[in-house]
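> Next input, structure requested:
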Amino acid sequence: MKKRKRLALAVLGAWCLTACTAVTDPSGSDKAADTEFFAMDTYMTFTAYGEGAEQALLEAEKEIHMLEEKLSVTDEDSEIYRANHGGGSSVTLSDDTTRVVQFALTMAEETDGALEPTIYPVLTAWGFTTDGNRIPDGEELDSLLERVGYEKAELDGNELYLQQGTELDLGAVGKGYAGDVAAELLENKGITSAILDIGGNIQTVGLRPDDTKWRIGIRSPYGEGQLGILSVADCAVVTSGNYERYFTGEDGKQYGHIIDPKTGYPVDNGLASVTIITDEGKRGDALSTAMFVKGLDQAQEYWQAHQDFDMIMTTEDGEMWITENVSDQFVLSGDFANMDVHLIPDGS
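Residues are numbered from 1 along each chain as shown. Reported below is the predicted structural model:
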């Protein structure tokens, strides 16, 4: 039986409306506007405060729909679909799509392929793109993995060339990029306080209207409820874990949607979840997947080498590893008050 769970993050103190509507903030000091819409195969809820917030959110929503039309892997009119079905011919991309593809390929190289934007054929074989979940055999996976590899995608200016049979899927960076675009648009419109829930990716603009930090509830990877509360401002918070989307096979084993590009099988390395806190949504999106694939030890090594983001990792055996910069901004909920928490050493 297939099971789905969504929204690794919950915004505390925010609310959702079904249309873009001006409302009054509980503090009584600033007007807020909310909008909820469906895009990029997920529900998004945006809240912004101040004069012009309602119009700014409408423009942000429009921008995201336009971006989706370019990046969709299933829309036959999208640039990515045309590239994937180009038979090995080059395709000219728009500037937006070029930036997303370039970022995905750069992150793939930087993470040694832990983030793999060409994994789409394998995801399809497992049924995670079609809702027809199945367990492919080893021979099928070996054949599909021959088509996988970020080095099989070449970008020359705005010209994208994919080797025949290779398919790009920008799902691991697309929502994060959309959050960056929306946040930048709001800031350019003079909005200094906003929170964007992009299908579980959280992007904050500035502080709350009362000049306090946003309080983000990180969902427990072990079942219902919250792991704890993270206080942040002007950043992105992205969580990945195979508990979000999985199915139970006929063998009784659970198979998650995050695939190890080296084996073609769902990641099974002892991690339960990875939360990334970073300045850019697209980088948080990419790193949450890549660090989950890398596993506890390699993720720590990667952080020690870069240290331009923060991270919270939980393991299946109930322990937490957290970078020092956010350790005083995160408070465990009562159910997890006795959890073993370890600081990730900086490697010096």
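
> Can I get stretch 246-258 in PDB? Just the C-alpha atoms.
C-alpha atoms of stretch 246-258 as PDB (Å, rounded to 0.1, in the frame of the first residue of the first chain):
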ATOM      1  CA  TYR A 246       7.400   6.200   0.200                       C
ATOM      2  CA  PHE A 247       5.700   3.000  -0.600                       C
ATOM      3  CA  THR A 248       5.600  -0.400   1.000                       C
ATOM      4  CA  GLY A 249       6.600  -3.200  -1.400                       C
ATOM      5  CA  GLU A 250       5.300  -6.700  -1.600                       C
ATOM      6  CA  ASP A 251       8.400  -7.700   0.400                       C
ATOM      7  CA  GLY A 252       7.100  -5.600   3.300                       C
ATOM      8  CA  LYS A 253       9.900  -3.100   3.100                       C
ATOM      9  CA  GLN A 254       9.500   0.600   2.800                       C
ATOM     10  CA  TYR A 255      11.100   2.300  -0.200                       C
ATOM     11  CA  GLY A 256      11.600   6.100  -0.200                       C
ATOM     12  CA  HIS A 257      11.700   8.500  -3.100                       C
ATOM     13  CA  ILE A 258      15.300   9.800  -2.600                       C
END
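
> what comes into contact with that stretch?
1-3, 123, 126-128, 133, 135, 240-245, 266-267, 289, 292-293 (CB atoms under 8 Å, 6 or more residues apart in numbering). Every residue, glycine included, has its C-beta placed from N, CA and C.

> Just the buried positions in that stretch, please.
246, 247, 255, 256, 257, 258 (16 or more other CB atoms under 10 Å).

> Show me how far it is from its chain's centre.
21 Å (CA atoms, centre = their mean, to the nearest Å).

> what mean pLDDT does that stretch have?
Average pLDDT, stretch 246-258: 88.

> circling back to that earlier point, taking the buried residues of stretch 246-258, tell me the two that lie furthest apart.
Among the buried residues of stretch 246-258, the pair separated by the greatest distance (CB to CB) is 247 and 258, at 13.1 Å.

> circling back to that earlier point, buried subset of the contacts of stretch 246-258?
Those of the contacts of stretch 246-258 that meet the buried threshold are 123, 126-128, 133, 135, 240-244, 266-267, 289, 292-293, by 16+ other CB under 10 Å.

> from the residues you listed, which ones fall inside strands?
Among the buried ones among the contacts of stretch 246-258, the members falling in strands (DSSP state E) are residue 240.

> Among the buried ones among the contacts of stretch 246-258, which one sits closest to residue 223?
Nearest to residue 223 among the buried ones among the contacts of stretch 246-258, with distances taken as CB to CB, is residue 243, at 8.6 Å.

> Quote the end-to-end distance of stretch 213-224.
25 Å (CA to CA, to the nearest Å).
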